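Student: generate a structure from the sequence data that follows.
(one chain, ligands or ions: 1)
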Amino acid sequence: MAALGPVEVHQVIAPAALGDEKVVALTLDACSGGFDAELIHFLIAHRVPATVFATKKWLDRNPAGVAALKEHSDLFEIEDHGANHVPPVIGAGRSVFGIPGNPDFAHLEREVLDGANAVAMVTGEAPHWYRGATAEYDPAAIKVIQAMGYQIAGFSVNADAGATLPRAAIVARLNQVRSGDIIIAHMNKPASDTAEGLSEGVQRLLAHGFRFVRLDQTHVRAVR
Ligand SMILES: [Zn+2]
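Tutor: A predicted model of the protein is given here:
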């Protein structure tokens, strides 16, 4: 079999779920690291819902973050980002952005399941969505994750490039958002510009009449 590189899953909100409204979904990854309280407090203050993809690692290390999300469960849905932030690529020596993948499918299943159990421990509900670490997948890994009963959560607008972009660049990317877009950003790097950039960009989207939805409130479809 020819070796194929990992793929990034791109999705938008399904047109049928949009109606006549301008709708956008914000997804926030909590990979490892800390809790961006400034970002979450901004979303709470402006009543902006978001879908959070948290690892077991992050949930274990950030009790204050978990408490803030749970206190506002009307706004925040917590879904599965794996146990230890291992990218969903399979095979000895495989990695994405320097992060080692899974040696075999059993390890992938463990990563997905242990992440799901950690989310369920915190929320009392089994997650339905999975986003792999780095959001890059081997096609065979996608099939395994779907067979376990999870929907893969893609995106269409990468707002902060792993919380590495400066404020102005994040705002510029959010200015390009169109109805149906699914935004990915990060809530695990409080020292980054993500909270500042998202605050400005999201306020502008709100001013332009966009309504934010969570993934559990809508349907998605794949795009190229
Ligand atoms: Zn991540």
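Student: contacts, neighbours, all on C-alpha from now
Tutor: Noted.
Student: now do the strand ranked longest in the chain, average pLDDT.
Tutor: Looking across the chain with DSSP state E, the single longest strand is strand 22-30. On average, the pLDDT along strand 22-30 is 98.
Student: partners of that strand in the sheet?
Tutor: Strand 22-30 sits in its sheet next to strand 50-54 (parallel), strand 182-186 (parallel), strand 210-213 (parallel), going by DSSP bridges.
Student: redo those as CSV? Include mean neighbour count.
Tutor: Below are these laid out as CSV (neighbours: other CA atoms under 10 Å):
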stretch, mean neighbour count
strand 50-54, 26
strand 182-186, 25
strand 210-213, 19
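Student: need these in TSV with distance to the ion and mean pLDDT, can you?
Tutor: Compiled in TSV, those are given as follows (distance: least, CA to the ion, whole Å; pLDDT from 0 to 100):
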stretch	distance to the ion	mean pLDDT
strand 50-54	8	98
strand 182-186	8	98
strand 210-213	21	98
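Student: which one of these lies closest to residue 140?
Tutor: Ranking the strands paired with strand 22-30 by proximity to residue 140 (CA to CA) places strand 50-54 first, at 21.3 Å.
Student: ok, the residue of the chain found nearest the ion - contacts?
Tutor: Closest residue of the chain to the ion, CA to the ion: residue 31 (3.8 Å). For residue 31, the contact set (CA atoms under 8 Å, 6 or more residues apart in numbering) comprises 53-55, 57-58, 81, 85, 133, 186, 188.
Student: can you pull out the low-pLDDT segments for the chain?
Tutor: Applying pLDDT under 70 to the chain flags the ranges 1-4.
Student: what residues sit buried inside stretch 20-30?
Tutor: 22-30 (16 or more other CA atoms under 10 Å).
Student: run through who's touching it.
Tutor: Applying CA under 8 Å, 6+ apart, the contact partners of stretch 20-30 are 13, 49-55, 58, 81, 178-188, 209-215.
Student: for the longest helix along the chain, output the C-alpha coordinates as PDB.
Tutor: Ranked by residue count under DSSP state H, the longest helix found in the chain is helix 105-123. Extracted C-alpha coordinates of helix 105-123, given in PDB (Å, rounded to 0.1, in the frame of the first residue of the first chain):
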ATOM      1  CA  PHE A 105      -4.700   0.800  16.000                       C
ATOM      2  CA  ALA A 106      -5.100  -0.500  19.600                       C
ATOM      3  CA  HIS A 107      -3.200   2.500  20.800                       C
ATOM      4  CA  LEU A 108      -5.500   4.800  18.800                       C
ATOM      5  CA  GLU A 109      -8.600   3.200  20.300                       C
ATOM      6  CA  ARG A 110      -7.100   3.600  23.800                       C
ATOM      7  CA  GLU A 111      -6.400   7.300  23.100                       C
ATOM      8  CA  VAL A 112      -9.900   7.900  21.900                       C
ATOM      9  CA  LEU A 113     -11.600   5.900  24.600                       C
ATOM     10  CA  ASP A 114      -9.600   7.200  27.600                       C
ATOM     11  CA  GLY A 115     -10.300  10.700  26.400                       C
ATOM     12  CA  ALA A 116     -14.000  10.000  26.100                       C
ATOM     13  CA  ASN A 117     -14.100   8.500  29.600                       C
ATOM     14  CA  ALA A 118     -12.400  11.500  31.000                       C
ATOM     15  CA  VAL A 119     -14.900  13.800  29.400                       C
ATOM     16  CA  ALA A 120     -17.800  11.600  30.700                       C
ATOM     17  CA  MET A 121     -16.300  11.700  34.200                       C
ATOM     18  CA  VAL A 122     -16.400  15.500  34.100                       C
ATOM     19  CA  THR A 123     -19.700  16.100  32.300                       C
END
